[in-house]
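Chemist: Pasting a predicted model and its sequence here:
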Amino acid sequence: MYYSFYLNEQMLVENWDYYKDANWLLRDCLERDVTRTPEEKADYYLKHRKINPNNDWMREYFKSEEFKQLQEQYEQQMLDIEMERECSEDGMYYGRVPNKPRIVQTYEDMQGSSRRKSLRKRFEYQAAKNAKRGRKLRQINEVILYKSDIEFIKAETEKNRYTLKQIKILFGAVFFSRMHDVKWTRLGTEWKRKQFEACYDFTIRGDKEHNDYKAVNEVFEHYTDWKENTDRINVRTKWYYNIGETEFDWIYPNFDNKDEIAYIFKTTLENNRLDLGKLAEEVLPDIREKYCDRCGISFNPSSNRQKYCEECKQEIKREQAAERKRRQRNREKSYKTEKIKI
Ligand SMILES: [Zn+2]
C-alpha cells in the first residue's frame, strides 16, 4: 500500500488540499481526529477527497447487476472484517483491510454524497474504538538532534565504511529514536518498515545481497526456524509468521548521550511530509565524504565507485606500472634463457 509519513497529522488534515495525498490516508486520519464529530468528518472527507476521472464505461457498469452484487459483497466484508483492527502500544496499527475492489472505490468517489451515511457510521464506530484504545493523530512539532548524534553517525560510518544510502538509513534510525524519544526503534513489522521507507526517495533493499539496512542491522533477525516453533510462541507472533513477517528492532546505543544541541527540526507545512534523505544531506554536511580504502583519510569522491583518495590513486597507478614493467622484464629474461638452452 502506498504510504507517506507525516510528522504532524493534525496539520496534514487541516491543510489537506495542500498535500492532496491518498483518500485512504484522509479517512485514516479523520478516524483518529478528535476535533470533529462523525458528521463533520463525513462532510470533510467528501469535500476534500480526490475524485477519479469520470469514465463513461464505468458509469454504465455501475448500473449493471454484476456491480450491484460486487457492492453487496463488499458491504458485507466491510461489516465483517474492516472494522477489526489491531493497535500497538505506540499508536501504530496494523490494518487487516482486504484489498478493496478498485471499482467499488471508484464508485464511492463518483457517487460521494450517497455514501455519506455509511461514512458517518464508519467514523462513529471508529470514534468509540479509538477512545477506548487512545489512538490519536500524531503531532510532532519539533525534533532535537544532538552533537553526539552527528558524531555517532560519523564514527559508525568511518568504522564500517557505509555507503551514502546506509548513512542516510542510519541517520533516519537516529532521527526516529529522537523523534519518539525512545531507545528502541521498532521497525519490527513490514508495516513499520513501510512507514520508515516512505521517508526516503530511494528504494531500500533489505535482502542479503543489497543490504541497505546494514547500518541498523544489529538486532535484525530472520526467524527462519519459526516454522518449527510456531506452537510455542504467542498468537501475535504467530500472526506475523503467517503473513511472512520478520522482527526488526534497532537499539540506539548513544541514546542517553544528550549533550549539546546540534540541530532543531521544526515541522512546517513544507517539511511535514518527512524526507529523511534530504534532511540527512542538510544535517550532515560531509555526508558525501568517503574514507580511503588504503590510508583511511576522508576525501570527496568524484564518482560513487571511487575507493581511494587522490594521493593513493596516483601511488597505486605508479605501483601498477612498475609491476607491469617488472613482469615484462621477467618474461624477456625467461625468453632469453630458453633461447640459450636450445
Ligand atoms: Zn588514501
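Modeler: Yep, that arrived.

Chemist: Give the closest residue to the residue in the stretch 101-250 of the chain that the ion sits nearest to in space, chain neighbours not counted.
Modeler: At 13.0 Å from the ion, Arg161 is the closest residue in the stretch 101-250 of the chain, using CB to the ion. In this view, the C-beta of every residue, glycine as well, is placed from N, C-alpha and C. Leaving aside its sequence neighbours, Arg161 sits nearest to Tyr291 (CB to CB, 6 or more residues apart in numbering; 6.0 Å).

Chemist: The ion contacts on the stretch 151-300 of the chain?
Modeler: Contacts of the stretch 151-300 of the chain with the ion, taken as CB under 5 Å from the ion, map to Cys292, Arg294, Cys295.

Chemist: among these, who's most crowded?
Modeler: Cys292 (18 neighbours; other CB atoms under 10 Å).

Chemist: Can I get stretch 163-181 in CSV? Just the C-alpha atoms.
Modeler: Taking Å, rounded to 0.1, in the frame of the first residue of the first chain, the C-alpha atoms of stretch 163-181 are listed here in CSV:
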residue,chain,number,x,y,z
THR,A,163,27.6,3.8,1.6
LEU,A,164,25.6,7.0,1.1
LYS,A,165,22.4,5.0,1.3
GLN,A,166,23.4,3.3,4.5
ILE,A,167,24.4,6.6,6.2
LYS,A,168,21.0,8.0,5.3
ILE,A,169,19.3,5.0,6.8
LEU,A,170,21.4,5.2,10.0
PHE,A,171,20.6,8.9,10.2
GLY,A,172,16.9,8.0,9.8
ALA,A,173,17.0,5.5,12.6
VAL,A,174,18.7,8.0,14.9
PHE,A,175,16.1,10.6,13.9
PHE,A,176,13.2,8.2,14.7
SER,A,177,14.8,7.4,18.0
ARG,A,178,15.0,11.2,18.9
MET,A,179,11.5,11.8,17.5
HIS,A,180,9.8,9.3,19.7
ASP,A,181,12.3,9.8,22.5
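
Chemist: Glu323 versus the residue at minimal distance from the centre of the chain, what's the distance?
Modeler: By CA atoms, centre = their mean, the chain has its centre lying nearest to Glu197, at 1.5 Å. Going from Glu197 to Glu323 by CB to CB, to the nearest Å gives 45 Å.

Chemist: Can I get the residues of the stretch 151-300 of the chain next to the ion in JSON lines including secondary structure and pLDDT?
Modeler: Formatted as JSON lines, those follow (DSSP: H, G, I helix; E, B strand; the rest coil; pLDDT from 0 to 100):
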{"residue": "Cys292", "secondary structure": "coil", "pLDDT": "86"}
{"residue": "Arg294", "secondary structure": "coil", "pLDDT": "85"}
{"residue": "Cys295", "secondary structure": "coil", "pLDDT": "87"}
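
Chemist: packing partners for the strand or helix carrying Phe196?
Modeler: Secondary structure from DSSP states H and E places Phe196 in helix 190-197. Helices and strands in packing contact with helix 190-197 are not found; criterion 3 or more CB pairs under 8 Å, 6 or more residues apart in numbering; DSSP states H and E.

Chemist: again, only this time at 10 Å
Modeler: strand 93-95, helix 164-180, strand 184-186, strand 248-251 (3 or more CB pairs under 10 Å, 6 or more residues apart in numbering; DSSP states H and E).

Chemist: now for the second one, which elements pack on it?
Modeler: Under the contact criterion of 3+ CB pairs under 10 Å, 6+ apart, helix 164-180 touches strand 142-146, helix 147-160, strand 184-186, helix 190-197, strand 248-251, strand 261-266, helix 276-283.

Chemist: and with 7 Å instead?
Modeler: Counting contacts by 3 or more CB pairs under 7 Å, 6 or more residues apart in numbering; DSSP states H and E, helix 164-180 is packed against strand 142-146, helix 147-160, strand 184-186, helix 276-283.
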